[in-house]
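Trainee: Structure for this input, please:
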Amino acid sequence: MKALITALTLTAAPAMADTYVPVQDKDTFLSIVQGKELKHGFYPISLNVLQDGQIKGSAVGWDITGSWTWQDGYFCRDLQWGGDPLGYNCQLVEVEGDSKMRFTVDRGTGDSAAFRLR
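Mentor: Model prediction:
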């Protein structure tokens with residue numbers, strides 16, 4: 001199950017002009033996600049990143065829960081999907097305009113997942 005959610009949320013983006021801009025601080029990050037839902041474009045994944053440090057949502061019909069902090073310019077989260085731990089990871093966060101956000105695991109060196117902000 002963990003492999004499935006990892007595959008679903010960390011789909012490599014196709015090669016094209018990159019217009020994403022890094023989010024460098026917690027206050028900017030919060031101003032972008034506050035009151036919005038992050039939805040994956042291809043898979044049934046929906047997340048809410050809350051100001052109080054919680055993450056809530058669902059993926060492929062199973063609940064996602066977790067917590068997050070902002071550390072040294074990275075979004076660090078610890079998630080569970082359907083009760084199974086997905087683990088702790090610090091991620092580079094980038095935005096494109098006011099409607100897209102991309103998370104890249106392992107402090108920006110790993111796979112990425114892009115979400116629409118709604």
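
Trainee: Only C-alpha atoms from now on, for both contacts and neighbour counts.
Mentor: Noted.

Trainee: Quick check: the closest residue to residue 45 other than its chain neighbours vs residue 79, distance?
Mentor: Spatial nearest neighbour of residue 45, excluding adjacent residues (CA to CA, 6 or more residues apart in numbering): residue 59 at 4.2 Å. For residue 59, the distance to residue 79 under the criterion CA to CA, to the nearest Å works out to 12 Å.

Trainee: Count the residues that sit near residue 42.
Mentor: Summarising burial for residue 42: neighbours were counted as other CA atoms under 10 Å, giving 11.

Trainee: cool, and residue 18?
Mentor: So residue 18, with other CA under 10 Å, has 7 neighbours.

Trainee: same thing with residue 102?
Mentor: If we define neighbours as other CA under 10 Å, then residue 102 has 22 of them.

Trainee: is it true that it touches residue 113?
Mentor: Yes. With the criterion set as CA atoms under 8 Å, residue 102 and residue 113 qualify as a contacting pair; they are 5.6 Å apart.

Trainee: For residue 77, which non-adjacent residue is closest in space?
Mentor: The shortest distance from residue 77 to any residue that is not its chain neighbour, by CA to CA, 6+ apart, is 4.2 Å, and that residue is residue 68.

Trainee: quick revisit: the residue nearest to residue 45 contacts residue 44, doesn't it?
Mentor: Yes. Using CA under 8 Å as the test, residue 59 is close enough to residue 44 to be in contact (5.6 Å).
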